[in-house]
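J.: Next input, structure requested:
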Amino acid sequence: MRPLVALSLGCLLSASCAVQAAPTTLEINDKIKPKSSDRYIRAVHKEIETGTNDLDKIRYGILEGMLTTKGFAWVYQGEGDGYILARFDYRGDTNVMRIEYDQSLVQLKYHDALGDYVCKKLVDDICYKNSRGYYNYIKNLRNSISKQLSRF
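T.: Numbers count the residues shown, from 1 in each chain. Okay, the predicted model is just below:
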């Protein structure tokens, strides 16, 4: 079975897809080990203030951010109530982020991955331990979305 098909089927069969999306204020638990630097975790999972309460504008800003990310664009994988799934494929590795949003916040949460981007320590959809590449690519997505939202 091809990896992306397996990833999609796994999502359909698992309970992790039936998620109540709700961005929250990031509070890093220092007791969790192993753990990457707090700086890396914040660069990826820290909430973004929307600057507007118009959900259509927020959704549009997220989608624009996915397309204009530094490096490779992120691919729309689907969406549900209050979230968009964004997928990134690079050299046989795949990462899927769930971008949760409401009228005041946007937050990127780990959803699924294959290869080098599989989270080594996942707590409440926050990836506490992963490779530096993971944090760099996701940081670029977060920065791009933040830039798009600042236009509103």
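
J.: How about residue 23, nearest residue that isn't a chain neighbour?
T.: With sequence-adjacent residues excluded and distances taken as C-beta to C-beta, 6 or more residues apart in numbering, residue 23 is closest to residue 107, at 3.5 Å. To be clear about C-beta, it is placed using only N, CA and C from the backbone, and glycine gets the same treatment.

J.: and the one you found, which of the three is it?
T.: strand (DSSP: H, G, I helix; E, B strand; the rest coil).

J.: What number of neighbouring residues does it come out with?
T.: Using other C-beta atoms under 10 Å, residue 107 has 24 other residues around it.

J.: ok, now the one 4 residues further on?
T.: Residue 111: 22 surrounding residues under other C-beta under 10 Å.

J.: start at 30 instead
T.: Shifting the count to begin at 30 puts that one at residue 140.

J.: Got the confidence number for it?
T.: On pLDDT, residue 140 comes in at 97.

J.: element containing it, please.
T.: Assigned by DSSP states H and E, residue 140 belongs to strand 134-143.

J.: Tell me which other helices or strands that strand touches.
T.: The contact analysis (3 or more C-beta pairs under 8 Å, 6 or more residues apart in numbering; DSSP states H and E) places strand 134-143 against helix 32-42, helix 67-74, strand 77-78, strand 122-130, strand 155-158, helix 161-178.

J.: circling back to that earlier point, now do the contacts for the residue nearest to residue 52.
T.: Counting by C-beta atoms under 8 Å, 6 or more residues apart in numbering, residue 136 touches 52-53, 55, 74-77, 128-130.

J.: Of the residues you listed, which is the most crowded?
T.: Counting neighbours by other C-beta under 10 Å, the one among these with the most is residue 128, which has 28 neighbours.

J.: My read is that that one contacts residue 174, right?
T.: Yes - in this structure, residue 128 is within contact of residue 174 by C-beta atoms under 8 Å, at 7.1 Å.

J.: That's all I had, so thanks and see you.
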